[in-house]
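*Asks:* Sequence and computational prediction follow.
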Amino acid sequence: MKRVYILFVALLISGFSFSQNLTKGDLEKIQTKGGKMVLPKAPVNTGKSITNRGAKATYITENFDAAVPPGTWTVSNLHATSVWFAGNPSASSFTTIDPTNVQSALHAYIAADCDEKLITPAINATSATALNLTFWAGYSGSWMIGGSQAGGTGADLRVIGSLDGTTWTTLWSYSDTHIGTESWAWEEINLDLQSTYGGTTFYLAFQYYGYDGDLGAFDGIQLFDLANDDAGVTAITSPTNASSCSLTASENVTVTVTNFGINPITSCDVSYTINGGTPVTETVSTTIASGATYDYTFTATADLSTVGEYTIEAYTSLSSDGNAANDGFSVDVTNADATLTIDVLTDTYSSETSWEIYNSAGELVAEKTSFTASSHNITNVCLIADDCYTFYLYDSYGDGTAPSGTLSLSWNGTVIGGFTSAESNFGSEWVRYSIGDGCEPIDAQLKMITTPSYVLPGMVNITGQILNMGTDNITSYDVTYTVDGGASSAIYTVTGVNLATGDTHNFTHDVQWNATLGAHDINVVIGNVNTTTDGNLINNSLTKTITGVSVAPQKRVIGEEGTGTWCGWCVRGHSPFFTKMISYANVETANHCTFVIN
């Protein structure tokens, strides 16, 4: 019998899920690999969003980032607890489509009858002349093959409509348009609703229907009336760094112009700028049909010969354009004088692997999330030599790339780091600091204050951890602290260390703090690294609130649960207990459980 400690924490999330954001495929893989469940690292927001559709009127724009259901929407639930909720699919977050995305509307699989609807408020489309609906649906084929209840074999995702909110008509369904063998993925769906609901007031509902399906999702919903005339740039296909890190003084600029409107476009101006400079404007004279695209190469080339980063913005100018919001598109390119070559030999679970590169300003400059399993995945990243970069390799499961994975990092052809297969079980994160010619020799980071958040009154050690982010080894450093902005402590000098780049060191200040009841702000500062000034002072201090309490909290066993037949090494969790917890959760707050297994 495994003993389970449960810690309750209040989280500002819109729902509770033990494994609901996992597909059946995820669950089978977790069981195969040992029964552990881990959350994937949240993708970084790069600030670029999906294309804004052309419209003279927009009736619905919904991405579910605020709540599920949105504030003016309603729900209809057949099942009491298996309902639509907010989250991100572990295998394929919508951020792969829209990097600004926060969350999607999800419905978990369950072996029970389901008919759960997310219902819009009444939509007044009485003046619509070209009513269109576009949305993204997420699903797999293996269990989304039916849409029958009463013990059927599969569920269905549907979009349905109604004139009165009671009698519904199916406008789209997964099972009507797919063969049922696809892996879990997002798909964009476009529906022409003018003949069905143009000129009326109606309702839409996004429905999960059936029995024992798979994880279903909706996001990026837009209902709009197309403009008569509407053009926009939807891609910049040249220049790029696809084949070379070097750019020239005469780069061709090629853009894709899309006709979003109803009428054909016979002529429109298109412009581009480099880093916000003077626009270059030329005229596209080719006729572009409604819904069609045209690739246009400017006669005037771009001078990108200076080493650095460039933002190219391109946009259309159409005098009768009905929607200016979708006119422009931007892309970042680099004329680089350095190349970081990343060679990742993956394990058989390559979907768990990802990497990111950040520059000295903390900006994400490159990332990779898609890999081929059990293969060398080699990527050349164009970088600026006179900068300093940090490389992160992640494994969402937490066992690295074990047992056979390897990593090699090369800077301009010279190997600078990595690991062998014997070192491949790095856990969830592997880091290489100080890549590049612009890194500080002396750079100590105060990584954390490790003194507990709650202490009993009396003498308390002030403890923490530093990280060497510089290129030189760290052999000494000083530590001071203040309490609630008061006088600084005596200087505690740490010696006898020899920290290479990426090494950490735990310290305990030699002067204890006499803690009293209540909350106190403890500010810790490190300095005088190697008896000289740290090259980067921004990361040398941290503040932590530490509270003196009269009684220290104790963990208590409040429930025990044995392993289940589905996974001999996994604690199943007590379903009625979790269901009861969920029943006390409101829209903004849910109960969260942490399991400590002895």
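*Replies:* Alright, I've got the coordinates. Please read all numbers here as calculations on a predicted model, not as lab measurements.

*Asks:* Show me where the stretch 1-150 of the chain has its strands.
*Replies:* Secondary structure of the stretch 1-150 of the chain by DSSP state E, counting those that start in this stretch: the strands cover 3-11, 57-62, 74-77, 85-87, 104-107, 113-119, 123-124, 131-139.

*Asks:* Could you spell out the sheet neighbours of the third one, each with its direction?
*Replies:* Taking DSSP bridges as the criterion, strand 74-77 forms sheet pairs with strand 113-119 (antiparallel).

*Asks:* Okay, angle between the partner strand and strand 57-62 too, please.
*Replies:* 140 degrees (axes from the mean of the first three to the mean of the last three C-alpha atoms, to 10 degrees).

*Asks:* Do me a favour and average the pLDDT over strand 113-119.
*Replies:* Strand 113-119 comes out with an average pLDDT of 94.

*Asks:* repeat for stretch 538-546
*Replies:* Mean per-residue pLDDT for stretch 538-546: 96.

*Asks:* before we move on, what about stretch 508-515?
*Replies:* For stretch 508-515, mean pLDDT is 97.

*Asks:* Please apply the same query to stretch 201-219.
*Replies:* Rounded mean pLDDT across stretch 201-219 is 91.

*Asks:* gap between the two ends of it?
*Replies:* By C-alpha to C-alpha, to the nearest Å, the extent of stretch 201-219 from end to end equals 23 Å.

*Asks:* which of the residues in that stretch are buried?
*Replies:* Neighbour-count burial for stretch 201-219 flags 202-219 (criterion: 16 or more other C-beta atoms under 10 Å). (Glycine included, C-beta is placed from N, CA and C.)

*Asks:* Filter these down to the ones in helices?
*Replies:* Using DSSP state H, no member of those sits in helices.

*Asks:* now do the same end-to-end measure for stretch 106-125.
*Replies:* Start and end residues of stretch 106-125 are separated by 28 Å (C-alpha to C-alpha).

*Asks:* pretty sure residue 175 is in a helix, no?
*Replies:* Yes: applying DSSP: H, G, I helix; E, B strand; the rest coil, one finds residue 175 inside a helix.

*Asks:* got any ranges where the stretch 1-150 of the chain has weak pLDDT?
*Replies:* Within the stretch 1-150 of the chain, the ranges that satisfy pLDDT under 70 run 1-55, 91, 142-150.

*Asks:* Now mean neighbour count and distance to residue 503 too, for the strands of the stretch 1-150 of the chain, in TSV please.
*Replies:* Shown next, in TSV, are the strands of the stretch 1-150 of the chain (neighbours: other C-beta atoms under 10 Å; distance: least, C-beta to C-beta, whole Å):
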stretch	mean neighbour count	distance to residue 503
strand 3-11	13	32
strand 57-62	16	48
strand 74-77	14	53
strand 85-87	22	37
strand 104-107	27	40
strand 113-119	21	51
strand 123-124	15	60
strand 131-139	22	42
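
*Asks:* Tell me which of the ones you listed lies nearest to residue 163.
*Replies:* Closest approach to residue 163 among those (C-beta to C-beta): strand 123-124, 10.6 Å.

*Asks:* So which elements touch that closest one?
*Replies:* The contact analysis (3 or more C-beta pairs under 8 Å, 6 or more residues apart in numbering; DSSP states H and E) places strand 123-124 against strand 57-62, strand 201-211.

*Asks:* Just send the ones you listed back as CSV, with distance to residue 259 too.
*Replies:* Shown next, in CSV, are the helices and strands packed on strand 123-124 (distance: least, C-beta to C-beta, whole Å):
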stretch, distance to residue 259
strand 57-62, 18
strand 201-211, 26
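
*Asks:* of those, which approaches residue 317 most closely?
*Replies:* Shortest separation from residue 317 across the helices and strands packed on strand 123-124 is recorded for strand 57-62, at 21.7 Å, computed as C-beta to C-beta.

*Asks:* Give me the contacts around that closest one.
*Replies:* Outside strand 57-62, the residues within contact range by C-beta atoms under 8 Å, 6 or more residues apart in numbering are 70, 120, 123-125, 127-128, 204, 221-225.

*Asks:* Using PDB, write down the CA coordinates of it.
*Replies:* Extracted as PDB, the C-alpha positions of strand 57-62 are listed here (Å, rounded to 0.1, in the frame of the first residue of the first chain):
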ATOM      1  CA  ALA A  57     -18.500  43.100 -39.500                       C
ATOM      2  CA  THR A  58     -17.200  40.800 -36.800                       C
ATOM      3  CA  TYR A  59     -19.800  39.000 -34.700                       C
ATOM      4  CA  ILE A  60     -17.600  36.600 -32.600                       C
ATOM      5  CA  THR A  61     -13.900  36.500 -31.800                       C
ATOM      6  CA  GLU A  62     -13.300  34.000 -29.100                       C
END
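
*Asks:* Figure out how far that strand is from the centre of its chain.
*Replies:* Centre-to-centre, strand 57-62 and its host chain are 25 Å apart (C-alpha atoms, centre = their mean, to the nearest Å).

*Asks:* now swap in stretch 183-202 and tell me
*Replies:* With C-alpha atoms, centre = their mean, you get 27 Å for stretch 183-202.

*Asks:* can you pull the buried residues of it?
*Replies:* Neighbour counts over stretch 183-202 (16+ other C-beta under 10 Å) mark 184, 186, 189, 191, 193, 194, 197, 198, 202 as buried.

*Asks:* Check stretch 523-532 too.
*Replies:* Buried, per 16+ other C-beta under 10 Å, within stretch 523-532: 523, 524, 525, 526, 527, 528, 529, 530.

*Asks:* got it, and stretch 293-302?
*Replies:* 294, 296, 298, 302.

*Asks:* So which of those residues sit within strands?
*Replies:* Judged by DSSP state E, strands contain the following of these: 294, 296.

*Asks:* Same list (the buried residues of stretch 293-302) but as CSV, adding distance to residue 466 and pLDDT.
*Replies:* Putting those into CSV (distance: C-beta to C-beta, whole Å; pLDDT from 0 to 100) gives the following:
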residue, distance to residue 466, pLDDT
294, 57, 97
296, 54, 98
298, 52, 98
302, 45, 97
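
*Asks:* quick revisit: so which of the buried residues of stretch 183-202 are in helices?
*Replies:* Using DSSP H, the buried residues of stretch 183-202 in helices are 194, 197.

*Asks:* and the least confident of the buried residues of stretch 183-202?
*Replies:* Among these, residue 184 has the weakest pLDDT, 80.

*Asks:* I figured residue 529 hits residue 473, correct?
*Replies:* No: with contact defined as C-beta atoms under 8 Å, residue 529 does not count as touching residue 473 (10.6 Å).

*Asks:* correct me, but residue 205 touches residue 116?
*Replies:* No: taking contacts as C-beta under 8 Å, residue 205 lies outside contact range of residue 116: 9.7 Å.

*Asks:* Mind listing the shared neighbours of the two?
*Replies:* Residues touching both residue 205 and residue 116 (C-beta under 8 Å, 6+ apart) are residue 76.

*Asks:* just to revisit the earlier point, quickly name whichever of the buried residues of stretch 523-532 is closest to residue 310.
*Replies:* Distances from residue 310 to the buried residues of stretch 523-532, taken as C-beta to C-beta, are shortest for residue 529 (36.2 Å).

*Asks:* in the chain, which spans are helices?
*Replies:* For the chain, the helices defined by DSSP H occupy 24-33, 174-177, 194-197, 575-583.

*Asks:* Mind checking which of the buried residues of stretch 523-532 are in strands?
*Replies:* Using DSSP E, those in strands are 523, 524, 525, 526, 527.

*Asks:* okay if I get those residues as JSON lines plus distance to residue 261 and pLDDT?
*Replies:* Supplementary listing: those in JSON lines, determined by distance: C-beta to C-beta, whole Å; pLDDT from 0 to 100:
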{"residue": "523", "distance to residue 261": "59", "pLDDT": "98"}
{"residue": "524", "distance to residue 261": "60", "pLDDT": "98"}
{"residue": "525", "distance to residue 261": "60", "pLDDT": "98"}
{"residue": "526", "distance to residue 261": "60", "pLDDT": "98"}
{"residue": "527", "distance to residue 261": "62", "pLDDT": "97"}
